[in-house]
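Asks: Sequence first, then the predicted structure, then my questions.
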Amino acid sequence: MKKIYGKPEALKDTAHIYCPGCGHGIIHRLVAEVIDELGVREKTIAVAPVGCAVFAYDYFNFDVTEAPHGRPPAVATGIKRVMPDKVVFTYQGDGDLAAIGTAETVHAANRGENITVIFVNNAIYGMTGGQMAPTTLIGQKTATTPFGRDPKREGYPLHVCELLSSLEGVAYLERVAVFNPANVIKAKRAIKKGFQNQLDLKGFSLIEVLSQCPVDWGMTPTDAVKWVEEIFVKTFPLGVFKDK
Amino acid sequence: MKGNIALCEGAIAAGCAAYFGYPITPQNEVPAHMSKRMVELGRVFLQAESELAAINMVLGASAAGKRAMTSSSSPGISLKQEGISYMAGCELPCVIANIQRGGPGLGNIAGSQADYFQSTKGGGHGDYRLIVLAPYSVQEMYNMAYMAFDLADKYRNPVLILSDGIVGQMMEPIEIPETKDKKELPHKDWILDGAKGRQPRLIRSLLMEEGALEKHNWHLKKKYDEITKNETRFEAFKTEDADVILVAFGISARVAKAAAKQARKEGIKAGLIRPITLWPFPSEAIARLAAPGKKFLVVEMNLGQMVEDVQLAACGKSPVEFVGRPGGTPVNEKEVLDKIKLLIK
């Protein structure tokens, strides 16, 4: 009998600690499926962030290093520069990538580092208990915006794909989401392209994945996916922002 | 050869595969020289967007098993402390050179020794130690850069070369020692190079499981004890019969040695202990010399930092005096000599 579905080899056979309804589980799986399909598991080195996905190394079945908060693109640069034949990717949240690590993100992108960046945007700091993220929406209530994000006080949501799209070194930027099966399939396609670009020596690829965080948003998992579909994508429209 | 260039050449001879840096005076010759030499040799040179990025690139290259280094001057070294703490926690070897300038804050660009505390007492957060080497000549800039990589790999620990703007900028003739072939670098069974035919590996300092961090901290302590036992280095100059024992490192040790020689000419029994490793500190050598009738005089280009370690080592058996100048001003020989004379009165 032909096996049509199973656990990717690039995922460890272990239960994860992500909250019910969290998008990380889906995104981890997509990355693992892509790595299996490209046959690169044995030459992949991942850089885990600080944030919810800090424990990514417990789930990925390949080499992983930790990085200080926001520094994964710099750590990945160091790895890739000394081992250009390996597959190197970072997996980062919005706080890690777009707040404390903005400089590392922009400069790795601008240098055209031949790495892949998986950027999980869920509009909030999950690990630390639901504080405002750089991508928190206007009016969104968080632990540190109890009255809702006010642009006069906290500024505006940061659009990473749009921001990076002007940089010469960037090969590929796409924003996807995982709120329904059709979008999960699209997200996987984008992630695969991001890794294929690295194998083809095209330079810096970043896939921004809009993800759901029901616990810190104070929603049920079903309301959370609905919120991504109906509200989140209005501020962060899906699509390709650069494809060299 | 200039001190900063000698540092580069020592690192290159040691098989440094990747250099990541950022401009700051007075260490600028290092990235400039490396940008040429490393590229010529087909090795990695990258000017990072910040000191933070540079040290984290070093972290990545080290995790991949390569010999990697960065350099900076005092304010830049402060920025690197985050990465240094992570590397100490992850037990990642690397070499960091601090060509010290005056501080605090932006201070000035003159040579200084004001980062002794930062270098030897932590610098970043958490319970860790760096091996700290203090070159006092251009020759030692070369030798210590060469040696630093071996020490870093042997103990899986960051090594800091604590130099200063004077040693970095001055020129002296040096002898390039016959170095051993660096093609055969130590085997590393912990590196991340892809899980081919083996279980995946993980490099981390986050240890959340019950008791895991304490266990790791004790493991580090054991390593630090081993380093202290094996690697404590110092130079003793005419200390055995000395009534006044100077203690100085780096550029100040040259001034102190000159003052000790002059004192001897004038009939005063003066000697010098020059710590070559600032951590581990040669406490035992100092403790052994401490006795009634003997006096220590610590010479530093700061407000008095290493003097605290000398006091601890002397443990009240001998008085410990200090002569120094902060703000990037070298102590001169006469100031030291005057103080020696005052002490033996």
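Replies: Yep, that arrived. Residues are numbered from 1 along each chain as shown, chains lettered A, B, ... in the order given.

Asks: Could you pull out the strands in the chain for me?
Replies: Went with chain A since none was named. Under the criterion DSSP state E, chain A contains strands at A:44-48, A:63-66, A:87-93, A:116-121, A:124-125, A:131-132, A:170-177, A:204-210, A:239-243.

Asks: Please refer instead to chain B.
Replies: B:18-21, B:44-47, B:68-72, B:94-100, B:131-133, B:158-164, B:202-203, B:234-237, B:244-247, B:270-275, B:277-279, B:295-300, B:320-324.

Asks: what's the second one packed up against?
Replies: Packing partners of strand B:44-47 (3 or more CB pairs under 8 Å, 6 or more residues apart in numbering or on different chains; DSSP states H and E): helix A:72-82, strand B:18-21, helix B:29-40. Glycine gets a C-beta too; all of them are placed from N, C-alpha and C.

Asks: Over to the shortest one?
Replies: Contacting strand B:202-203 under the criterion 3+ CB pairs under 8 Å, 6+ apart are the following elements: strand A:63-66.

Asks: For A:L238, give its distance to A:V225.
Replies: From A:L238 over to A:V225 the distance is 14 Å, taken as CB to CB, to the nearest Å.

Asks: ok, now A:G239?
Replies: Distance, A:G239 to A:V225, by CB to CB: 19 Å.

Asks: same question, A:I79
Replies: A:I79 is 35 Å from A:V225, by CB to CB.

Asks: in chain A, what residue is nearest chain B?
Replies: A:G78 (2.5 Å; CB to the nearest CB).

Asks: Give me the neighbour count for that residue.
Replies: For A:G78, the tally of surrounding residues (other CB atoms under 10 Å in any protein chain shown) stands at 34.

Asks: now the one 4 residues further on
Replies: Other residues within reach of A:V82, judged by other CB under 10 Å, total 23.

Asks: all helices for chain A, in order.
Replies: In chain A, the helices defined using DSSP state H lie at A:24-38, A:72-82, A:94-95, A:102-111, A:151-154, A:160-164, A:181-199, A:214-217, A:221-227, A:233-235.

Asks: Do me a favour and get the end-to-end distance for stretch B:167-184?
Replies: In stretch B:167-184, first residue to last residue: 31 Å (CA to CA, to the nearest Å).

Asks: what comes up buried for it?
Replies: B:V167, B:G168, B:Q169, B:M170, B:I174 (16 or more other CB atoms under 10 Å in any protein chain shown).

Asks: from those residues, which are also near chain A?
Replies: Applying CB under 8 Å from any CB of the partner chain to the buried residues of stretch B:167-184, one finds that nothing falls near chain A.

Asks: Can you say which two of these are spatially most distant?
Replies: With CB to CB as the measure, no two of the buried residues of stretch B:167-184 lie farther apart than B:Q169 and B:I174, at 14.8 Å.

Asks: re earlier: of A:I79 and A:V225, who's got more company?
Replies: A:I79 (29 against 22).

Asks: show me what contacts the more buried one?
Replies: Each residue near A:I79 by CB atoms under 8 Å, 6 or more residues apart in numbering or on different chains is listed here: A:I45, A:V47, A:T65, A:K86, A:V88, B:G60, B:A61, B:A63, B:A64, B:L192.

Asks: Make sure B:K238 is actually in contact with B:A260.
Replies: Yes. In this structure B:K238 lies within contact range of B:A260 using CB atoms under 8 Å: 6.7 Å.

Asks: Which one's more surrounded, those two?
Replies: Shown here are B:K238 and B:A260; by other CB under 10 Å, B:A260 has more neighbours (30 against 17).

Asks: interface residues of chain A facing chain B?
Replies: Residues of chain A found near chain B, taking CB under 8 Å from any CB as the criterion, are A:41-45, A:47-48, A:54, A:57, A:60-68, A:71, A:74-83, A:86, A:103-104, A:106-107.

Asks: do that again at 6 Å, thanks
Replies: A:42-43, A:45, A:57, A:61-66, A:68, A:71, A:74-75, A:77-79, A:81-83, A:86, A:103-104, A:107 (CB under 6 Å from any CB of the partner chain).

Asks: if I look at the nearest residue to B:L337 once chain neighbours are set aside, how far off is B:A270?
Replies: Distances taken as CB to CB, 6 or more residues apart in numbering or on different chains put B:A259 closest to B:L337, at 4.8 Å, once the chain neighbours are dropped. To B:A270, B:A259 is 7 Å away according to CB to CB.

Asks: what do you get for B:G197?
Replies: Counting by CB to CB - B:G197 and B:A270 are separated by 63 Å.

Asks: Neighbour count: these two, which is higher?
Replies: Neighbours per residue (other CB under 10 Å) separate B:G197 from B:A270, with B:A270 holding more: 29 against 6.

Asks: ok, the more buried one - contacts?
Replies: Contacts for B:A270 (CB atoms under 6 Å, 6 or more residues apart in numbering or on different chains) come out as B:A242, B:V244, B:A260, B:A263, B:I340.

Asks: One more pass at 10 Å, please.
Replies: By CB atoms under 10 Å, 6 or more residues apart in numbering or on different chains, B:A270 lies in contact with B:237-239, B:242-246, B:256-257, B:259-264, B:295, B:297, B:336-337, B:340-341, B:343-344.
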